[in-house]
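Participant: Would you be able to build a 3D model of this:
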Amino acid sequence: MSGVRVAPGAAPADRPNTAAVARADRLGRRSREIRVTLILAALVVLVGAVSLCLGAAAVSPGDILAALVGQADRLTQFVILELRLPRLLAAVLVGGCLGLSGALFQSVVRNPLASPDIIGITASASATGAIALVWFGLTGLALSGVVLAGTLVAALLIYVLAWRSGISGYRFVLIGIGFAAICGGLVSYVLTRANLTDVQQALVWITGSLNSIDTVSLVVLGVSAVILVPAAVLLGRPLSALGLGDDAAAATGVRVESTRLLVVFVGVALAAVAVATAGPISFVALVGAPIARRLIGRGSLALIPSALVGALVLVVSDIVAQFAVPDVSFPVGVVTGIVGAPYLIWLLIRTNRTGLGG
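Facilitator: Modelled structure (predicted):
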């Protein structure tokens, strides 16, 4: 015999094969993510077209295209461009921002429960917005600015209280739930001290509604999304490294705490601008990322697919809210709450059984 021996570990000749397998796996996941992203984007466009067709004044797909290029009659252009299209754009942007915000928080905390509507982020925005609406009568750009500032302060407090030589997923979630309870009590106090007209307006906003979208709030939301979505995507690589653990991330050159703070800031900002526009719509941020990751497979942050799932969920929910019951239009938050609550219960049971969450 030649006496050739195989080392206990991988043989040198096997290492290129191992690297090739890993590379092929990454390329496969990347290819699948691109396909899923394109399919989700097509579904958002398709469902959005359906929403533009539905209503008291039925509009055909051909009339929609004519209105978009300025070739339809005046009534059709008014219905599409002034009434339905702004609402659709708001639903897509709000749902996308919430879905992306949930993906960021769940990734940085490594806990499937860490979405803005569970850990007190949207509750803080709700409390700030209720005070701004009822006590100061703010709307539009002023409301967005106040909600963003108040939510950032609340998020900083939650982060500081959860910090114990690092961030534990369960500690972050539990402190956030406690903070959400405090904010809920504050909202109740504000509403009991307000007059009936202000209470009605605030209650619709707090439930989550797309009924009062105006040009200013839509522009603010659009500009914010143009800034924050690319920022979230740029944080994807260091955020993936954080998923390996703080020590492993630091070994690859990632500044752990500064990266984590940036991710939290972008996630808070995304949730705040969405809440400032449509109110604290529940459960969209919670379900977006898990659905997207299940479609793509394990090992992917699925940031853009999460945003598209959030947009798709909110557009479909808005269609149901408007047309499920004849002559009755519900706030979209009612529908997302009915759909999302059973998912939350299932997720709590599954997390308790498997010990997920960090």
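Participant: Kindly provide the whole-number mean pLDDT of the helix ranked longest in the chain.
Facilitator: When the chain is scanned for its longest helix (criterion: DSSP state H), the result is helix 14-53. Averaging pLDDT along helix 14-53 gives 82.
Participant: and it, what does it pack onto?
Facilitator: Under the contact definition 3 or more C-beta pairs under 8 Å, 6 or more residues apart in numbering; DSSP states H and E, helix 14-53 sits against helix 61-68, helix 85-109, helix 284-296, helix 303-323. C-beta coordinates here come from the backbone N, C-alpha and C atoms, glycine included.
Participant: so which of those gets nearest residue 204?
Facilitator: Between residue 204 and the helices and strands packed on helix 14-53, the shortest gap by C-beta to C-beta is with helix 303-323, which sits at 12.1 Å.
Participant: C-alpha coordinates for the closest one, PDB please?
Facilitator: C-alpha atoms of helix 303-323 as PDB (Å, rounded to 0.1, in the frame of the first residue of the first chain):
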ATOM      1  CA  LEU A 303     -35.600  42.400   3.700                       C
ATOM      2  CA  ILE A 304     -37.100  43.400   0.400                       C
ATOM      3  CA  PRO A 305     -39.400  40.300   0.200                       C
ATOM      4  CA  SER A 306     -40.600  41.200   3.800                       C
ATOM      5  CA  ALA A 307     -41.500  44.700   2.600                       C
ATOM      6  CA  LEU A 308     -43.400  43.300  -0.400                       C
ATOM      7  CA  VAL A 309     -45.200  40.800   1.800                       C
ATOM      8  CA  GLY A 310     -46.200  43.600   4.200                       C
ATOM      9  CA  ALA A 311     -47.400  45.700   1.200                       C
ATOM     10  CA  LEU A 312     -49.400  42.700  -0.200                       C
ATOM     11  CA  VAL A 313     -51.000  42.000   3.200                       C
ATOM     12  CA  LEU A 314     -52.100  45.600   3.700                       C
ATOM     13  CA  VAL A 315     -53.500  46.000   0.200                       C
ATOM     14  CA  VAL A 316     -55.500  42.800   0.400                       C
ATOM     15  CA  SER A 317     -56.700  43.700   3.900                       C
ATOM     16  CA  ASP A 318     -57.800  47.100   2.700                       C
ATOM     17  CA  ILE A 319     -59.800  45.500  -0.100                       C
ATOM     18  CA  VAL A 320     -61.500  43.300   2.500                       C
ATOM     19  CA  ALA A 321     -62.100  46.200   4.800                       C
ATOM     20  CA  GLN A 322     -63.800  48.200   2.100                       C
ATOM     21  CA  PHE A 323     -65.800  45.600   0.300                       C
END
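Participant: buried residues in it?
Facilitator: Going by neighbour count (16 or more other C-beta atoms under 10 Å), the buried part of helix 303-323 is 303-322.
Participant: Spit out the contact partners of residue 117.
Facilitator: By C-beta atoms under 8 Å, 6 or more residues apart in numbering, the contact set of residue 117 is 123, 280, 282, 283, 284, 285, 286.
Participant: now with 6 Å?
Facilitator: 282, 285 (C-beta atoms under 6 Å, 6 or more residues apart in numbering).
Participant: Same question for residue 328.
Facilitator: Not one residue lies near residue 328 by C-beta under 6 Å, 6+ apart.
Participant: so what's it scoring on pLDDT?
Facilitator: With respect to pLDDT, residue 328 has a value of 82.
Participant: For it, grab phi and psi.
Facilitator: Main-chain dihedrals, residue 328, degrees, to the nearest 10: phi -130, psi 130.
Participant: residue ranges with poor pLDDT in the protein?
Facilitator: For the chain, residues meeting the criterion pLDDT under 70 lie at 1-17, 19, 21-22, 25, 165-169, 299, 351-358.
Participant: And the strands in the stretch 201-350 of the chain?
Facilitator: Secondary structure of the stretch 201-350 of the chain by DSSP state E, counting those that start in this stretch: no strands are present.
Participant: Please enumerate the helices of it.
Facilitator: Along the stretch 201-350 of the chain, the stretches classed as helices by DSSP state H, counting those that start in this stretch are 215-234, 236-242, 246-251, 256-278, 284-296, 303-323, 332-354.
Participant: can you give me the offset of the fourth one from its chain's centre?
Facilitator: Here helix 256-278 is found 10 Å from its chain centre; the criterion is C-alpha atoms, centre = their mean, to the nearest Å.
Participant: Could I get the buried residue list for the longest helix of the chain?
Facilitator: For helix 14-53, a neighbour-count test (16+ other C-beta under 10 Å) marks 29, 33, 36, 37, 40, 43, 44, 47, 48, 51, 52 as buried.
Participant: Closest one to residue 254 out of the residues you listed, please.
Facilitator: Among the buried residues of helix 14-53, and counting by C-beta to C-beta, the member closest to residue 254 is residue 29, at 20.6 Å.
Participant: Next one: that closest one from residue 296, what distance?
Facilitator: Separation of residue 29 from residue 296 (C-beta to C-beta, to the nearest Å): 7 Å.
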